[in-house]
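>>> Quick one, what's the 3D model for this:
(one chain, ligands or ions: 2)
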Amino acid sequence: MSGLTFDTVDVSYDDRAAVVGFSNEVASGEWVGLIGPNGAGKSSLLRAVAGLTDSDGVISVDGRPLAAMSIRERARHVAYVAQNPITPEDMSAFDYVLLGRWPYVGRFGAESSRDRKAVDEVFERLRLIDFRERRLGELSGGERQRIVLARALAQETSVLLLDEPTSALDIGHQQQALELVTELRCHQQLTVVAAMHDLTLAGIYSDRLVMLDDGIVVADGSAAEVLTAERLGDVYHVCVTVDIDPDDGAVVVVPRRGFPVDGS
Ligand SMILES: Nc1ncnc2c1ncn2[C@@H]1O[C@H](COP(=O)(O)OP(=O)(O)OP(=O)(O)O)[C@@H](O)[C@H]1O
Ligand SMILES: [Mg+2]
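Ligands and ions are numbered 1, 2, ... in the order given. Predicted coordinates:
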């Protein structure tokens, strides 16, 4: 099948399980929001897809197991934006985003004009042209986060993994980045799996939410199905109300003062 499939995926560190028996099918062009409390296993799962951590089970893109691909081939299918990416301080933003083209550049070859054009397009789309020649070490946290996203988009993969992609962005740039990913998703059948802590944003931008708790899927469905005050109380130990916008059906999670009643 096309898209991204997980068949009984486990991720462990030494003997401690971080993700247990994760099975799911993310359709081509679908956006799945991965939610759950700190330590739930979201990053571990994304890192397993990116090949950055060992896992058991099978993860496939368009029916092909990722484990059977070379690193370069895998990077032509899957781009990953880490939660806390390490960026070289002295590198220019342009050169950093150009690194996103490495899966296409020959072993000893230089980047082609096609690679530079792809990078230019991403700079334009993310409205980052003013940052092209800036050193990464001189950028604000949010500016750097947008450059890291730009690098992943320049990779032109069919699957994009985002780990807290907007955590450092102001509300305007959050929306801009998520809208851009939405646009690419529609035009290029981009399959997106994004770990997000902002539940309202996750619900608005995702087709489907998968909630992990302690490495296990505890809910999988539409925002309205997954984001209930009762479940959020159980899983996050938080007191919230959940409103449904009467105009567009958006599910809005509003934190309230107080403690949730046990089991509710
Ligand atoms: N490199 C590692 N070595 C050992 N344990 C790890 C490692 N990375 C993560 N863990 C543990 O695995 C579990 C899942 O961590 P993970 O980073 O996947 O959670 P998360 O859902 O992304 O959390 P957060 O919302 O805080 O980013 C946690 O208990 C964490 O302590
Ligand atoms: Mg994480």
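>>> how about the residues of this protein near ligand 2?
Selection of the chain residues close to ligand 2 by C-beta under 5 Å from the ion yields Lys42, Ser43, Gln83. C-beta: built from backbone N, CA, C; applies to glycine.
>>> Any of these buried? List them.
Buried by 16 or more other C-beta atoms under 10 Å: Lys42, Ser43, out of the residues of the chain next to ligand 2.
>>> Pick the one among the residues of the chain next to ligand 2 closest to Ala50.
Nearest to Ala50 among the residues of the chain next to ligand 2 is Ser43, at 10.1 Å by C-beta to C-beta.
>>> how about Ser55, what does it touch?
Neighbour list for Ser55: Val9, Asp10, Val11, Val19, Ala48 [criterion: C-beta atoms under 8 Å, 6 or more residues apart in numbering].
>>> is ligand 1 contacted by the helix or strand where Glu230 lies?
Element membership for Glu230, per DSSP states H and E: helix 229-236. No. Helix 229-236 does not reach ligand 1 (C-beta under 6 Å from any ligand atom); its nearest approach is 10.9 Å.
>>> So which elements touch that helix?
Packing contacts for helix 229-236, counted by 3 or more C-beta pairs under 8 Å, 6 or more residues apart in numbering; DSSP states H and E, involve strand 208-213, strand 216-221, strand 240-244.
>>> most tightly surrounded among the ones you listed?
Greatest average neighbour count among the helices and strands packed on helix 229-236 goes to strand 208-213 (a mean of 22), per mean count of other C-beta atoms under 10 Å.
>>> Return the list of helices and strands in contact with that one.
Under the contact criterion of 3+ C-beta pairs under 8 Å, 6+ apart, strand 208-213 touches strand 31-35, strand 216-221, helix 223-226, helix 229-236.
>>> give me the number of residues near the nearest residue to Ser12 once chain neighbours are set aside?
Nearest non-adjacent residue to Ser12, counting by C-beta to C-beta, 6 or more residues apart in numbering: Ala18, 6.4 Å away. Applying other C-beta atoms under 10 Å, we find 22 residues neighbouring Ala18.
>>> got it, and Phe6?
Phe6: 21 surrounding residues under other C-beta under 10 Å.
>>> quick one: secondary structure of it?
Following DSSP: H, G, I helix; E, B strand; the rest coil, we place Phe6 in the strand state.
>>> and the residue in the stretch 51-200 of the chain positioned nearest to ligand 2, what is it in contact with?
At 4.8 Å from ligand 2, Gln83 is the closest residue in the stretch 51-200 of the chain, using C-beta to the ion. Gln83 makes contact with Ser43, Asp163, Glu164, Ser167, Ala195, according to C-beta under 8 Å, 6+ apart.
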